[in-house]
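Visitor: please find the sequence and the predicted model below.
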Amino acid sequence: MPLTADMRRSIDQIRDYLFGGGYPDPVNNAEQLSFLFFFYLVEGIDAEAKARARMLKTRPISLFDGEWELRNPLNAFVPAAREGNLPATVLHTGEPTVPRNRFRWSLWSRELSGEALVRFVRDEVFPFFAEIGEASAYDFMRGARLGIDDPTVLTQVIRLVDGLRLDQADADAKGDLFEHVLRQMKQAGELGQFRTPRHIIRTIVEMVDPQVGETVYDPAAGTAGFLVVAYNQIRLANSSPGGIAEAELDGKTHLRGLGDKLSADQLSTLQTATFFGNDVDPKMVRLATMNLTLRGLAHVRILQRNVLTTSLDAGYKAALGLPAEGFHVVLANPPFSGRVDKDRIVDEVKIGSTSATELLFLKYMLDSLRPDGRAAVVVPEGVLFGSTLAHRELRRQLIEQHRVEAVLSLPSGVFQPYSGVKTSVLFFRRGGRTGRVQFLHADDDGYRLDANHDTPIEADDLPALSQAYARRDAAWARWQARDADAEWTEKWWFADAAALRANDFNLSASRYRPMSRAQVEHQDPRELLGELAAIEAEIVEEIEALRAALAERIP
């Protein structure tokens, strides 16, 4: 079942109720919705588990069997239309209890309202599901609490969530619904640093092309966009013609596959042993977990962890089910322009004396790959041409000790309305040595490059550049056979290792571009501004490094 217009309208109504009711924080609102979705879905998951147990002729055990000791005695009378208005019983402990059956969404969400609903959800429902979470490996509810305490707003929101009928939607529809939640939050301008535009992610994942049996890792997962798209890409590649259909997202259509050619073992591998991630923000961990759960990836664990300040030993990795030899694929858009206290940075990610998160993350991701593992990482432009010792050393390692395959230069403004920083995508493999690098330049990405970056347009360089990357061996042969005196009109070109070394390992696409007359006359001012911003950021970093060095020498 596709995402319907009615479901979209319901999400828009929820957003309006929350904003109008005094809940303006879109991150908190998305988190609260993820809790409500979870409460709704558990009843269906429990029913499926009981049915499976009966089929296997084992004793069915329900999460809703037994008694629940009330946290708030005022909840002693819980209406239930099917059972009558039964008071709580009192056990030998002297504390009132109610049947755990009362925590089924189909009961309390439809029978309670107003102050009674707020009190029951806050004092009983959240603790009940937190207890369930503690017994699982993922503990989705750790530290969770009700954030919507206005009786009218909570009643309206729960009625709308109930009307979504999530139990009748397939995994794709539920996932698209949650993406719509995240997109609405994006439009509010609060989730920008966490949510990479999905069309950018789809292009990157298509170029990397993860396969069944490979492990895929995002160390700064945010809302798990890269992992979700990687899952969809693998399903699409393993679908019959009849199992492929068009889906719409953000005003654009793309292909989606059912994965009907996957065997049961392959599907199990995808769902339990393929995708890994972590994020430092507990709210992002919850949003990522819900995004994956709704897609049918409930067993994927997103760790709450800062990889720049914590290490995992071999035993702990084994306990978490992490591959000891590293990951086949790393996909990420790590935080830009952050700083970490130097004393907290773990030794294995250090590169010179820098505390810049974009450099530390890149070093960490390089080391997270298994031999010949491949990565695609979004980086600010300054990473490609910065002149600090850390910048140059990291690029030298990438080129001399590993294989940089390509650099995709994205248009300035793809992360609007949150940031105008100029970015590129760095594609590399662990091990070996770089022989040549393919540079790919996108002027347009299919959306108007304005302050909002959400209006679809026809102009889109990304599909052709993705194909040029897939056929890069043939492109290299064509590049070598070109007439050096003729104008080069393609939006891709190459530089060999000798040229990279001669330019201090600079990986900026513009450094090696064969300039045509039109390009000389009409150089995009947005690119110039992006380069200037990157140089400014580098100068600031150097000043901070000098200030820190002086502070150490002059007490």
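Guide: Okay, I see it. Because the structure is a prediction, the values reported are computed rather than measured.
Visitor: neighbours of Ala390, just the number please.
Guide: Number of residues near Ala390 (other Cβ atoms under 10 Å) recorded here: 21. Just so you know, the C-beta spots here come from the backbone N, C-alpha and C atoms, and that holds for glycine as well.
Visitor: that one: helix or strand, and which one exactly?
Guide: Assigned by DSSP states H and E, Ala390 belongs to helix 389-401.
Visitor: list the buried ones in that helix?
Guide: Ala390, His391, Arg392, Glu393, Leu394, Arg395, Leu398, Ile399 (16 or more other Cβ atoms under 10 Å).
Visitor: a markdown table for those residues, including pLDDT and distance to His180?
Guide: Converted to a markdown table, the buried residues of helix 389-401 look like this (pLDDT from 0 to 100; distance: Cβ to Cβ, whole Å):
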| residue | pLDDT | distance to His180 |
| --- | --- | --- |
| Ala390 | 93 | 40 |
| His391 | 94 | 39 |
| Arg392 | 95 | 44 |
| Glu393 | 95 | 43 |
| Leu394 | 96 | 38 |
| Arg395 | 97 | 39 |
| Leu398 | 97 | 38 |
| Ile399 | 97 | 42 |
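Visitor: and the helix holding Ala390, what other elements does it pack with?
Guide: With contacts defined as 3 or more Cβ pairs under 8 Å, 6 or more residues apart in numbering; DSSP states H and E, the packing partners of helix 389-401 are helix 357-368, helix 382-385, helix 497-502.
Visitor: now with 7 Å, please.
Guide: With contacts defined as 3 or more Cβ pairs under 7 Å, 6 or more residues apart in numbering; DSSP states H and E, helix 389-401 has these neighbours: helix 357-368.
Visitor: quick one: the helix or strand following the helix it packs on to helix 357-368, angle?
Guide: Downstream of helix 357-368, the first helix or strand assigned by DSSP H and E is strand 369-380. Calculated by axes from the mean of the first three to the mean of the last three Cα atoms, to 10 degrees, strand 369-380 forms an angle of 160 degrees with helix 357-368.
Visitor: next, the buried residues of strand 369-380.
Guide: By neighbour count on 16+ other Cβ under 10 Å, the buried set for strand 369-380 is Leu369, Arg370, Gly373, Arg374, Ala375, Ala376, Val377, Val378, Val379, Pro380.
Visitor: now for the residues you listed: which two are most distant?
Guide: Arg370 and Pro380 (26.7 Å; Cβ to Cβ).
Visitor: residue ranges with poor pLDDT in the protein?
Guide: Scanning the chain for pLDDT under 70 picks out the ranges 1-2, 77-94, 135-139, 184-194, 337-338, 418, 516-555.
Visitor: Leu227 reaches Gly277, doesn't it?
Guide: Yes. Between Leu227 and Gly277 there is a contact under Cβ atoms under 7 Å: 5.8 Å.
Visitor: what touches both of the two?
Guide: Counting by Cβ atoms under 7 Å, 6 or more residues apart in numbering, the residues touching both Leu227 and Gly277 are Asp218, Ala221.
Visitor: sorry, back to before: which one of the buried residues of strand 369-380 is nearest to Asp504?
Guide: Distances from Asp504 to the buried residues of strand 369-380, taken by Cβ to Cβ, are shortest for Val379, at 17.0 Å.
Visitor: buried residues of whichever strand or helix holds Ala288, list them for me.
Guide: Assigned by DSSP H and E, Ala288 falls within helix 282-294. The neighbour-count check on helix 282-294 (16+ other Cβ under 10 Å) flags Lys283, Met284, Val285, Arg286, Leu287, Ala288, Thr289, Met290, Asn291, Leu292, Thr293, Leu294 as buried.
Visitor: Tyr447 is in contact with His453, correct?
Guide: Yes. His453 is in contact with Tyr447 according to Cβ under 7 Å; the separation is 5.4 Å.
Visitor: those two: which has the busier surroundings?
Guide: Tyr447 (24 against 19).
Visitor: run through the bridge partners of that one.
Guide: Taking DSSP bridges as the rule, Tyr447 bridges to Pro456.
Visitor: next up, the contacts around it.
Guide: Contacts for Tyr447 (Cβ under 7 Å, 6+ apart) come out as His453, Asp454, Thr455, Pro456, Ile457.
Visitor: mind putting those in CSV, distance to Gly114 included?
Guide: Listed next are the contacts of Tyr447 as CSV, based on distance: Cβ to Cβ, whole Å:
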residue, distance to Gly114
His453, 41
Asp454, 37
Thr455, 42
Pro456, 43
Ile457, 48
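Visitor: weed out the non-buried ones from those.
Guide: Applying 16+ other Cβ under 10 Å to the contacts of Tyr447, the neighbour count classes His453, Asp454 as buried.
Visitor: the one helix or strand Phe38 maps to versus helix 282-294: what angle between them?
Guide: Assessed by DSSP H and E, Phe38 sits inside helix 26-55. Using the same axes, to 10 degrees, the direction of helix 26-55 lies 40 degrees away from that of helix 282-294.
Visitor: give the buried residues for helix 26-55.
Guide: Buried residues in helix 26-55 (16+ other Cβ under 10 Å): 26-43, 46, 50.
Visitor: same question, stretch 204-219
Guide: Applying a neighbour-count criterion of 16+ other Cβ under 10 Å, one finds 204-210, 212, 214-219 buried in stretch 204-219.
Visitor: now, which of the buried residues of strand 369-380 sits nearest Leu160?
Guide: When the buried residues of strand 369-380 are ranked by distance to Leu160 (Cβ to Cβ), Val378 comes first, at 34.8 Å.
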